[in-house]
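Novice: coords please:
(one chain, ligands or ions: 1)
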Amino acid sequence: MTQHAAVTAGPEAATSSKPGLREAEAPSAEAINAFYNGMMPYWHPVLAEADLPDGKLVRVELLGVGIVLARLNGAVVALRDLCRHFQARLSLGEIIDLDGLQQVMCPYHGWSYGADGQCKRIPQLLEGRKIPSNARVDSYKVTTRYGLIWVCLQDEPKFDVPDYPEWGDSSFRTVVMKENEPSKTSSIRMIMGTLDDTHFPWVHQGILGNRDEPAAPDHRVWREGQYLVLQYDVEQPPNLATTDMSAAGVDQIEKIALRYTDYVGMPNVIRLVKDSAAGRYVVWLATCPNSYNQTTNFWAFSRNYDMSPERDSTYEEFSAHVRTQDKPIIESQRPWLLPPFWSQIELPLGPADKPLMEFQRWLEELGIVSGI
Ligand code: FES
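Specialist: Predicted coordinates for the structure are as follows:
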C-alpha cells in the first residue's frame, strides 16, 4: 500500500467498518519487505548454542529465510537451507567428512557444501569436469554470545551484538528462560511490550503496579550509540525483581522505590535494569524475527541478591508468570507489524507513551517500519 493511499485508509481502518486492514489480514507485501529488508543488517539470535550438538543439522528461520546451522570443523556455520541443485532442504541431509573437512551433504543427490557455501562434491559429475563456480549457497555471518548463536544476513552488521554485562559476571546469578514455542507476534511488538511500563498496573496488577495509581512515571529518553535508553523512578509492590523476598520482615513492606534504566539494543534486544535497595535485577530479551508474525524469544534474568542457586526455580516461576500475563495481550495486537505514525492506526499518547514513540521514531528512520 502506498503512503498516499494509506493516509486515507489508515484512520478508516481504525474507526469504521469499512474494509481497511482486517484483523486476520497480512500486512501489505511492501510493509513485509520493508520489515525484512530493514531488519537484515543486524545480528539476530537464532538458537541456543546447547541446541546445536556436533554432528547435527538444525534448521532455523530468520526474516523469512530458512537457514541450516551446523558445527563444521569446530566452528558454527550458517548456510541457506536450499540446495543449489533442485532446492531441497540441506537440513534434511547430514554432515560428512570429505578430504578431512566436514561438509553439509544434501539428502537428495548428495551434493556437498563447505563452510563458505561452495559446493565441494557432486557425485554425478563426469570425470574431468569441474564443479561449476556458481554451485554454491549463501553463507551467513555467525557469532556466539550469551549462550546463543547469532546470525546476520548481511556482510556488514550495522551494530554489534548488544552488551549484556551481567552475563558471566560472578557477582550475579543468571537464569535462562526457554519458551516452549515462538510467540505469534512481530519482534518489534515484543520489544515494545517489554519497553512499555504504563501497562504494569493493568496487566501485572499487584506485582509491578496497582490500578489505583495509573499515572505514568516521568520518562527520560535518549539515544546512546546503538541504544535507545529510558530511565525513570517508580514505586512498586515488593516482588522478586526488587526485593529479597527470602529475607525476614518483607511482608511488612508496602512499596519499594526503584529506578529503571532500559537499554534497547536497536532493533531487537532489550535489557531492563532495575536498581533498588536490594540490589540489581536485570530482565534481558533477545528476539529472533522468524517472520513478520512469528518471533522466537530468548530470555535471561540476572540478580545480585538472594544468590542461593536453590532460589533459581522461584525466580524462573516468577518470570514465567509475568511473561504469561503479557503474551496473550501482545499476540492480540494488529496489524502484525507496527503501523507507521502517518497511518494513524494507533494513537500513542504523550507523555505517557514517549518511550514507545521514540523507539518507533528510530525504527521508522531505519526503514524497518514504513507501511501497513
Ligand atoms: Fe540437493 Fe539435488 S537437490 S543434491
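
Novice: got the residues of the chain near the ligand?
Specialist: Neighbours of the ligand within the chain, by Cβ under 6 Å from any ligand atom: 83, 85, 86, 88, 106, 108, 109, 110, 111. The way it works is simple: take the backbone N, C-alpha and C, and place the C-beta from them, glycine included.

Novice: so who does the last one touch?
Specialist: The reference is to residue 111. The contact partners of residue 111, taken as Cβ atoms under 8 Å, 6 or more residues apart in numbering, are 83, 84, 85, 105, 119, 121, 122, 123, 135.

Novice: make TSV out of these and add neighbour count, secondary structure and pLDDT.
Specialist: Below are those laid out as TSV (neighbours: other Cβ atoms under 10 Å; DSSP: H, G, I helix; E, B strand; the rest coil; pLDDT from 0 to 100):
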residue	neighbour count	secondary structure	pLDDT
83	26	coil	98
84	19	coil	98
85	16	coil	98
105	22	strand	98
119	22	strand	98
121	17	strand	97
122	17	coil	98
123	9	coil	98
135	19	coil	98
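
Novice: residue 164: what's it in contact with?
Specialist: 145, 146, 271, 282, 284, 300.

Novice: so after the helix or strand containing the last one, what's the next helix or strand?
Specialist: Per DSSP states H and E: residue 300 is located in strand 294-303. Next in sequence after strand 294-303, counting helices and strands by DSSP H and E, comes helix 312-332.

Novice: check which helices and strands the helix or strand following that following helix is in contact with.
Specialist: In the C-terminal direction, the helix or strand that comes right after helix 312-332 (DSSP H and E) is helix 354-365. Secondary-structure packing of helix 354-365 (3 or more Cβ pairs under 8 Å, 6 or more residues apart in numbering; DSSP states H and E): helix 187-195, strand 220-224, strand 227-236.

Novice: mind listing what's buried along helix 354-365?
Specialist: Neighbour-count burial for helix 354-365, counted by 16 or more other Cβ atoms under 10 Å, picks out 354, 355, 356, 357, 358, 359, 360, 362, 363, 364.

Novice: partners of residue 78 in the sheet?
Specialist: Following DSSP bridges, residue 78 is listed with bridge partners residue 69, residue 140.

Novice: so it sits right up against residue 137, yeah?
Specialist: No. Using Cβ atoms under 8 Å as the test, residue 78 is too far from residue 137 to be in contact (10.5 Å).

Novice: who touches stretch 316-325?
Specialist: Counting contacts by Cβ under 8 Å, 6+ apart, the residues outside stretch 316-325 that touch it are 175, 177, 179, 203-204, 207-208, 239-241, 283, 299, 301.

Novice: next one: stretch 197-215
Specialist: Applying Cβ under 8 Å, 6+ apart, the external contacts of stretch 197-215 come out as 193, 216-217, 232, 234, 236-237, 239, 241, 260, 322, 325-326, 329, 352-353, 355.

Novice: over to stretch 85-100?
Specialist: Judged by Cβ under 8 Å, 6+ apart, the contacts made with stretch 85-100 from elsewhere in the structure are 55-59, 66, 68, 70, 72, 79-83, 102-109, 111-113, 120-121, 135, 137.

Novice: what about the helices in the stretch 101-250 of the chain?
Specialist: When secondary structure is read from DSSP state H, counting those that start in this stretch, the stretch 101-250 of the chain shows helices at 187-195, 200-203.

Novice: save those as CSV, and put in mean neighbour count and mean pLDDT too.
Specialist: Putting the helices of the stretch 101-250 of the chain into CSV (neighbours: other Cβ atoms under 10 Å; pLDDT from 0 to 100) gives the following:
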stretch, mean neighbour count, mean pLDDT
helix 187-195, 23, 98
helix 200-203, 18, 90
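
Novice: can you put these in a markdown table and add distance to residue 308?
Specialist: Formatted as a markdown table, the entries for the helices of the stretch 101-250 of the chain read as follows, by distance: least, Cβ to Cβ, whole Å:
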| stretch | distance to residue 308 |
| --- | --- |
| helix 187-195 | 27 |
| helix 200-203 | 28 |
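
Novice: closest to residue 341 out of these?
Specialist: Evaluated over those, closeness to residue 341 peaks at helix 187-195, with 13.8 Å, by Cβ to Cβ.

Novice: thanks a lot, catch you later.
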